[in-house]
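In: I would like to see how this sequence folds:
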Amino acid sequence: MKELEELHLPDDIRYTDEHEWARITGDTVRIGVSDYAQDQLGDIVFVELPAIGDSFAKGNEFGTLESVKAVSELYMPMSGEVVAVNTALTDSPELINQKPYEAWIIEIKPSDRSEYEQLFAAAAYLDLLKG
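Out: Now for the predicted structure:
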């Protein structure tokens, strides 16, 4: 496992205390899991994706990641409607381990963009990880 100093935490995205990330991409927000999360899970072997058109409130479970170690729930960092899912993860879930910030899981149309500002910036997320 990586040391905290080895984690890649881009400054242009926000993080949750459940280790998801959110990145604004125009009118939509892409959501994935942090470098810390994928590192803790180990080799990811399956991703359960929601359907396009599904709507979730902030904090609701929207899918799961299965690794050789455990099954981990995925939680919405923001409320919104799913407008895209990364179907490449169906055949290649390991992409999350390889490039966690490129291997987004879902893309949503947020129902309340102000929720983005409530998420952790990279420095605050790192402080959270340090305990």
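In: make it CA atoms for all contacts and neighbour counts henceforth
Out: Noted.
In: which residues touch Arg28?
Out: You called it Arg, but residue 28 is Thr. By CA atoms under 8 Å, 6 or more residues apart in numbering, the contact list for Thr28 reads 107-110.
In: can you check Val45 too?
Out: Contacts for Val45 were tallied using CA under 8 Å, 6+ apart; they are 65-68, 93-94.
In: beta partners for Leu74?
Out: Per DSSP bridges, the residues bridged to Leu74 are Gly63.
In: can you give me how far the helix or strand hosting Ala123 is from the chain middle?
Out: Taking DSSP states H and E as the definition, Ala123 sits inside helix 122-130. Offset of helix 122-130 from its chain centre (CA atoms, centre = their mean, to the nearest Å): 16 Å.
In: returning to that earlier point: ranking the contacts of Val45 by neighbours, who comes first?
Out: Neighbour tally across these (other CA atoms under 10 Å): the maximum, 23 neighbours, falls on Pro93.
In: Phi and psi next, for it.
Out: The phi and psi torsions at Pro93 (degrees, to the nearest 10) take the values phi -60, psi -20.
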